[in-house]
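Asker: sequence first, predicted coordinates after that:
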Amino acid sequence: MPYNPTLVQPMKDEVTRLGVKELTSVTEVDAALGDPRGTTFVFVNSVCGCAAGAARPALAKALQHPVLPNEMYTVFAGQDVDAVARARSYCSEFQPSSPSFVLFRDGEVVHFIHRHQVEGQSPERIAANLTAAFDKYCTISV
C-alpha cells in the first residue's frame, strides 16, 4: 500500500523545487524515458533516513553544478508504485534501490548510484560522484 500522500509531499516538494520534474504514472515515465536522446537523470526518492540526510541534500548540491543532464526526473518509491516500477524497468540490470540516482545517455545507463553507495556518505561526497558523472556524460552548461 502506498505511503500517505500528506506524509511524502514535503519530500517530493524538496526535489521538485530544484527543477526536477516529478513522474507519477507509467505514461509519464514512458514519455520521459521512452525516447532516448541526450542525457536523462532519474532520482528515485524515498522516505528513508539516508534519502533525507544524504541523497536529497546531495542532489541539491549537484544541481548547482554548471554541467547538467538535458532532462531531470524523479519518482517516489513507496508512493507512485507503478511509475517507480516502470522507471526501474529502464535500468533493470541494476537491483532496485531507494534512494538511487540513474544517469542515462541516449537510453543507456551510464552511471548508477545505489542506496548502499548513499548510506553513510556525506551529501558532499555523493554530490561529487554525481557531478563527476555529469562532467563525463553531459554537455549542457547552465
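Answerer: That came in fine, so what should we check first? Residues are numbered from 1 along each chain as shown.
Asker: for the chain, which helix is longest?
Answerer: helix 123-137 (DSSP state H).
Asker: what packs against it?
Answerer: helix 56-62, strand 67-68, strand 100-105, strand 108-113 (3 or more Cβ pairs under 8 Å, 6 or more residues apart in numbering; DSSP states H and E). Glycine gets a C-beta too; all of them are placed from N, C-alpha and C.
Asker: for it, buried residues please.
Answerer: Residues of helix 123-137 classed as buried by neighbour count (16 or more other Cβ atoms under 10 Å): 123, 126-131, 133-134, 137.
Asker: make TSV from the residues you listed and add distance to Val81 and pLDDT to it.
Answerer: Shown next, in TSV, are those (distance: Cβ to Cβ, whole Å; pLDDT from 0 to 100):
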residue	distance to Val81	pLDDT
Pro123	27	97
Ile126	25	98
Ala127	28	98
Ala128	32	98
Asn129	27	98
Leu130	26	98
Thr131	31	98
Ala133	27	98
Phe134	29	97
Tyr137	29	96
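Asker: among those, which pair sits farthest apart?
Answerer: Pro123 and Tyr137 (21.1 Å; Cβ to Cβ).
Asker: winner for burial among the helices and strands packed on helix 123-137?
Answerer: Comparing these by mean neighbour count (mean count of other Cβ atoms under 10 Å), strand 100-105 ranks first with a mean of 23.
Asker: which ones are touching the residue lying closest to Val44 once chain neighbours are set aside?
Answerer: Nearest residue to Val44 in three dimensions, chain neighbours excluded: Ser100, at 4.5 Å (Cβ to Cβ, 6 or more residues apart in numbering). Neighbouring residues of Ser100 by Cβ atoms under 8 Å, 6 or more residues apart in numbering: 43-44, 94, 112-115, 118.
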